[in-house]
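[1] below is the sequence, then the predicted model.
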Number of protein chains: 2
Amino acid sequence: MSASYDVAAIGNAIVDVIAPADEAFLVGNALTKGSMMLIDEPRAHELYGKMGAGIEASGGSAGNTVAGVASLGGRAAYIGKVAADQLGDVFAHDTRQIGVHFETGRLAGGAATGRCLINVTPDGERTMCTFLGASVELTAADVEPDLIMGAEIVYLEGYLFDPPEARRAFAKAADLARASGRTIALTLSDSFVVERHRSGLREFIETEVDLLFANEAEITSLFEVADFEAAARAVQGMTKIAAITRSEKGSVVVTPTIRHTVEAFPVAKLVDTTGAGDQYAAGFMLALARGKPLDHCARLGGLAAAEVISHYGPRPQVSLAELAAANGLS
Amino acid sequence: MSASYDVAAIGNAIVDVIAPADEAFLVGNALTKGSMMLIDEPRAHELYGKMGAGIEASGGSAGNTVAGVASLGGRAAYIGKVAADQLGDVFAHDTRQIGVHFETGRLAGGAATGRCLINVTPDGERTMCTFLGASVELTAADVEPDLIMGAEIVYLEGYLFDPPEARRAFAKAADLARASGRTIALTLSDSFVVERHRSGLREFIETEVDLLFANEAEITSLFEVADFEAAARAVQGMTKIAAITRSEKGSVVVTPTIRHTVEAFPVAKLVDTTGAGDQYAAGFMLALARGKPLDHCARLGGLAAAEVISHYGPRPQVSLAELAAANGLS
């Protein structure tokens, strides 16, 4: 069956609240730099009350990725749960207006739309505290089989391993994708997610995943090894493709038979790393869905990541399709 | 009495929704480029449904100005009305966290927090459609006498001439400021505001205003003259100080006896002009409150405006105090 979408993604639907912060703020609030920590609503209110003034932008890891796919000119669908509130309106608007199919029913009368409080230090690094809110109410019933079966690549967010209901939705999507011969992609999302679910993730990767995205901290945590080289050896053969991002060192693509190392795309000014991994996945997957070789996939991922870290906000602010064309990566 | 605040401002409290747009979008939706149009809630929903994906940021003309004053290290207070909803929470947070005194009571059970839908064309020009929402419910009772009487400069937003209740709040603030010997500043806000209230504004300026802010379109509309030179002659002597901004031509300060012309501060890349006039007023007023000469006031205004037009969003993203120090304008 020919695909209706290049990428269908399932994730925690989240609105980002992004503000500058200094290192002392992270220390004073016991935040681990560069990580994502789950927080409850009282803690979210408390932390928001201490954060600086900022901007709001639709986010969510997989949500950012499908926005990137659409900006690159690809066809994308998204499944995720927001509430029937103002921030839910913002998320739905931003996702649909870029051309992403998004029809998951809103949560009414329950938790508010999920929020990610992102403190960005002067080095551009982001430290995230997420109040999952409505996103945690995603259930298997929200997984539309047509979307999953009609997508070239089904992209699953590691963050979904946390909420039990969402994890069932995740499993349903994987089953549907497998049954219809689609490519299953997974991002590990965060090294704390890996710590919380190490054995479950490893089993899932070995049995279900064709394409794995991870950064260096996540992949070394997954295998409990000390360095990148050991992790790269461990992942080789576990999936068809593992794409490992290494920040300013670029990325490495590992398959059972070959390894590609691709340099990072240069960035004039690093402002905010939020969304870097998400946009890398967007570029990589769209190129893969279009049948490009793996080093081209990694390069397009790197280009998309470079755009998003040059400004505040987790989604592209220019047409990535035009940017790709200008850089010979159409 | 020594002042507790450098600037106290009254304005329409608004959250901005900012998205890129092309010229065809403006034409197709009958929007006059560079203007601010008032719209009702159904029209706001309709237009939002057509706009591109964007970001949200606390705005409101005078709200942006007090944020600029605070970023410059000044002491500022703000009076404006938001609802008890998510966007109201965002506005209150962003205003207080930068150090601005903001304690106006929230509107409960009425309209939602006001929103300004801002479409930014590739030339950086912004075209605004505002649903006033809760902001229009500002009343004279919200004007805290202590704030007004304790401020070196009381700054009033021309937009407040539209809602009748807000206009009464405006008049009360002017009376209090006059009675306590404070400087009264007014911004004309928008040329359509001037068209709607030309005679009322002229009378108010002649009788009450010490410091007038306007751009070229507004000041020529105020006097119904064809060119800047005629407008500059007409305003001379009408107020103690008129500061007229001319975009890339810089600004001109007119007093009964002298005229200062100050060049625009160079900008590496013009991204979004939203907030340029607001930040100019912030820099100008803080310098004036600190007893600086008028050309210094105009230069600090120009520097603050240059920062805000280099990124999306109507408020400073760096410390304007540090930027001013680095440019010899402390």
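    Nice, thanks for sending it over.

[2] residue A:317: what's it in contact with?
    Taking CB atoms under 8 Å, 6 or more residues apart in numbering or on different chains, we find residue A:317 in contact with A:307, A:311, B:20, B:312. (C-beta placed from N, C-alpha, C; glycine too.)

[3] secondary structure class of it, three-state.
    Put simply, residue A:317 is coil when judged by DSSP: H, G, I helix; E, B strand; the rest coil.

[4] picking up where we left off before, out of the contacts of residue A:317, which are inside strands?
    Of the contacts of residue A:317, the ones assigned to strands by DSSP state E are residue B:20.

[5] could you dump the contacts of residue A:317 into CSV with distance to residue A:328, neighbour count and pLDDT added?
    Conversion of the contacts of residue A:317 to CSV gives the following (distance: CB to CB, whole Å; neighbours: other CB atoms under 10 Å in any protein chain shown; pLDDT from 0 to 100):
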residue, distance to residue A:328, neighbour count, pLDDT
A:307, 16, 24, 96
A:311, 23, 21, 89
B:20, 24, 19, 93
B:312, 28, 26, 86
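
[6] need the contacts of residue A:317 in a markdown table (columns: distance to residue A:83).
    Converted to a markdown table, those look like this (distance: CB to CB, whole Å):
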| residue | distance to residue A:83 |
| --- | --- |
| A:307 | 30 |
| A:311 | 28 |
| B:20 | 27 |
| B:312 | 26 |
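
[7] which among the contacts of residue A:317 gets closest to residue B:138?
    Within those, the smallest distance to residue B:138 is 27.3 Å, found for residue B:312 (CB to CB).

[8] how close does whatever residue of the stretch 201-330 of chain A ends up closest to chain B get to residue A:274?
    The nearest approach of the stretch 201-330 of chain A to chain B comes at residue A:313, 5.7 Å away (CB to the nearest CB). Using CB to CB, to the nearest Å, we find residue A:313 at a distance of 7 Å from residue A:274.

[9] so where do the strands sit in chain A?
    Per DSSP E, chain A carries strands over the ranges A:5-10, A:14-20, A:36-38, A:55-58, A:76-79, A:101-102, A:114-120, A:126-131, A:151-157, A:183-187, A:211-215, A:241-245, A:251-254, A:259-262.

[10] quick check, the residue of the stretch 201-330 of chain A closest to chain B in contact with residue A:15.
    No. When contacts are counted by CB atoms under 8 Å, residue A:313 is not listed as touching residue A:15 (11.5 Å).

[11] what touches both of the two?
    Common neighbours of residue A:313 and residue A:15, using CB under 8 Å, 6+ apart, are residue A:57.

[12] quick one, which of these two is more surrounded?
    residue A:15 (27 against 24; other CB atoms under 10 Å in any protein chain shown).

[13] who touches that one in this structure?
    Residue A:15 makes contact with A:56-59, A:82, A:87, A:90-91, A:113-116 under the criterion CB under 8 Å, 6+ apart.

[14] so the closest residue to it other than its chain neighbours versus residue B:235, what's the distance?
    In space, not counting the residues next to it along the chain, residue A:15 is nearest to residue A:87; the distance is 4.5 Å by CB to CB, 6 or more residues apart in numbering or on different chains. To residue B:235, residue A:87 is 44 Å away according to CB to CB.

[15] same question for residue A:210.
    Taking CB to CB, one finds residue A:210 at 70 Å from residue B:235.

[16] tell me the pLDDT at the spatially most central residue of chain A?
    Closest to where the C-alpha atoms of chain A average out (CA atoms, centre = their mean) is residue A:61, at 3.1 Å. The model reports residue A:61 with a pLDDT of 97.

[17] my guess is it contacts residue A:156. True?
    No. Under the criterion of CB under 8 Å, residue A:61 is not in contact with residue A:156, lying 10.3 Å apart.

[18] any shared contact partners between those two?
    Common neighbours of residue A:61 and residue A:156 are listed as A:11, A:187 (criterion: CB under 8 Å, 6+ apart).

[19] just to revisit the earlier point, let me have the contacts of residue A:15 in a markdown table, extended by neighbour count.
    Shown next, in a markdown table, are the contacts of residue A:15 (neighbours: other CB atoms under 10 Å in any protein chain shown):
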| residue | neighbour count |
| --- | --- |
| A:56 | 24 |
| A:57 | 28 |
| A:58 | 29 |
| A:59 | 30 |
| A:82 | 32 |
| A:87 | 27 |
| A:90 | 24 |
| A:91 | 31 |
| A:113 | 27 |
| A:114 | 28 |
| A:115 | 24 |
| A:116 | 26 |
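
[20] in a markdown table, list these along with distance to residue B:263.
    Shown next, in a markdown table, are the contacts of residue A:15 (distance: CB to CB, whole Å):
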| residue | distance to residue B:263 |
| --- | --- |
| A:56 | 35 |
| A:57 | 35 |
| A:58 | 39 |
| A:59 | 40 |
| A:82 | 48 |
| A:87 | 42 |
| A:90 | 39 |
| A:91 | 43 |
| A:113 | 46 |
| A:114 | 47 |
| A:115 | 43 |
| A:116 | 42 |
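
[21] go through those residues and name the one nearest residue B:203.
    So of the contacts of residue A:15, ranked by how close each gets to residue B:203 (CB to CB), first place is residue A:56, at 40.3 Å.

[22] does the closest one really touch residue A:16, like I thought?
    Yes. Between residue A:56 and residue A:16 there is a contact under CB under 8 Å: 6.8 Å.

[23] give me the residue from the stretch 101-250 of chain A nearest chain B.
    Nearest residue of the stretch 101-250 of chain A to chain B: residue A:112, at 7.2 Å (CB to the nearest CB).

[24] quick one, what contacts that residue?
    A:41, A:83, A:85, A:87, A:133-134, B:86.

[25] filter those to the buried ones?
    Neighbour counting over the contacts of residue A:112 (16 or more other CB atoms under 10 Å in any protein chain shown) leaves A:83, A:85, A:87, A:133-134, B:86 as the buried ones.

[26] how much space separates the residue of the stretch 101-250 of chain A closest to chain B from residue B:156?
    Applying CB to CB, the value for residue A:112 to residue B:156 is 35 Å.

[27] kindly report the same for residue A:322.
    44 Å.

[28] comparing the two, which residue is more hemmed in?
    residue B:156 (26 against 13).

[29] and the more buried one, what pLDDT?
    97.

[30] if I look at it, how far off is residue B:173?
    Plainly put, residue B:156 is 7 Å away from residue B:173 if you go by CB to CB.

[31] between those two, what contacts are shared?
    Residues touching both residue B:156 and residue B:173 by CB under 8 Å, 6+ apart: residue B:10.

[32] what about the nearest residue to residue A:319 once chain neighbours are set aside, how many residues close to it?
    Closest residue in space to residue A:319, ignoring its immediate chain neighbours: residue A:71 at 6.1 Å, by CB to CB, 6+ apart. For residue A:71, the count of nearby residues is 30 (other CB under 10 Å).

[33] again with the one 5 residues further on
    Under the neighbour criterion other CB under 10 Å, residue A:76 is assigned a count of 30.

[34] next up, the contacts around residue A:138.
    Counting by CB under 8 Å, 6+ apart, residue A:138 touches A:10, A:12-13, A:79-81, A:104, A:160, A:163, A:165-166, A:169.

[35] and of those, the nearest to residue A:283?
    Within the contacts of residue A:138, the smallest distance to residue A:283 is 19.5 Å, found for residue A:10 (CB to CB).

[36] the closest one - how many residues pack around it?
    Each residue near residue A:10 was counted by other CB under 10 Å, and the total is 27.
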